[in-house]
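Q: Pasted the sequence and its predicted model underneath.
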Amino acid sequence: MRRLLCALGLSVFLPAAAVQAQDTMPVPSNYREWVFLTSSMDLNYSSTATPSHHMLDNIFVNPEAHKAFLQTGTWPDKTILIKENRMAESAGTLSKAGQFQAGMMNLEIHIKDERVAGKWAFFVSPDGRADGKLMPQSASCYSCHQDHGASDTTFLQFYPTLFGIAKDKGTLSASYLKETGPK
Ligand code: HEC
């Protein structure tokens, strides 16, 4: 418990209920009405991985955070980004090629919380309905997003309507600029 408290950067004086609330996060019931950022197929940073099936994802952000981002190029406190991971299937007899989205594989949540170490926390819901479970700081979610996300640990380079805004406002991260070299 102490380690968890430290990882969350929370005061040990918080009541037990408040600490529990940080450990899990309900999937926002209306996230499908939020702002849609992108859909990607089989994005993977590992060159050795051979996926056993194709995957498509959908990314949503809460409208208030999106509005703030358009003005500032940065995410405000309490931004919630959702990544819905779905099986990709082929339409069989209907079409000769192409894939469409089918059942949910899992759902990932990335939330900005100024109180926690690194200011962002990741949660995973195993089926898109059950509460998301907090990922520990040692999980690869944190390092990959920190090292490769174009701005503030988010993968703006894959969100075509927002990337230009971050570029114009000068909010791309130093690690991203270093990784991609001068443009
Ligand atoms: C090896 C790199 C890598 C790791 C590890 C990783 N991600 Fe991501 N993540 C990405 C990429 C690339 C995207 C960009 C968009 C896409 O897939 O469409 C992304 C996007 C996201 C988004 C959408 C919002 C954002 O931050 O850009 C969420 C939510 C997310 N990931 C959650 C997670 C969680 C939870 C974990 C750990 C269980 C995780 N990720 C681990 C590479 C990674």
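A: Thanks, I have the structure now. Only a predicted model underlies this, so the values are computations on that prediction, with no experimental measurement involved. Numbering: from 1, shown residues only.

Q: Would you check how far apart residue 30 and the ligand are?
A: 17 Å (C-beta to the nearest ligand atom, to the nearest Å). Glycine gets a C-beta too; all of them are placed from N, C-alpha and C.

Q: Can you give me the neighbour number for that residue?
A: Here the count is done by other C-beta atoms under 10 Å, and residue 30 has 8 residues near it.

Q: How about residue 59?
A: 21.

Q: Kindly report the same for residue 141.
A: 19.

Q: Identify the residue spatially nearest to the residue most central in space within the chain, adjacent ones excluded.
A: Nearest residue to the geometric centre of the chain (C-alpha atoms, centre = their mean): residue 110, 4.2 Å. Residue nearest to residue 110 in three dimensions, not counting chain neighbours: residue 81, with 4.4 Å by C-beta to C-beta, 6 or more residues apart in numbering.

Q: Is any residue of the helix or strand that contains that neighbour near the ligand?
A: Assigned by DSSP states H and E, residue 81 belongs to strand 80-89. Yes - with C-beta under 6 Å from any ligand atom as the measure, strand 80-89 is seen reaching the ligand through 81, 83.

Q: Listing partners with orientation, what would you give for that strand?
A: Strand 80-89 sits in its sheet next to strand 55-61 (antiparallel), strand 100-112 (antiparallel), going by DSSP bridges.

Q: Do a quick rundown of the strands in this structure.
A: Here the chain has its strands, by DSSP state E, at 24-25, 35-41, 55-61, 80-89, 100-112, 120-125, 132-134.

Q: just to revisit the earlier point, so for the ligand, which of the strands paired with strand 80-89 sits nearest?
A: strand 100-112 (3.5 Å; C-beta to the nearest ligand atom).

Q: got a list of contacts for the closest one?
A: Residues outside strand 100-112 that contact it (C-beta atoms under 8 Å, 6 or more residues apart in numbering): 25, 27, 39, 55-56, 58, 65, 75-91, 119-128, 132, 141, 145, 152-154.
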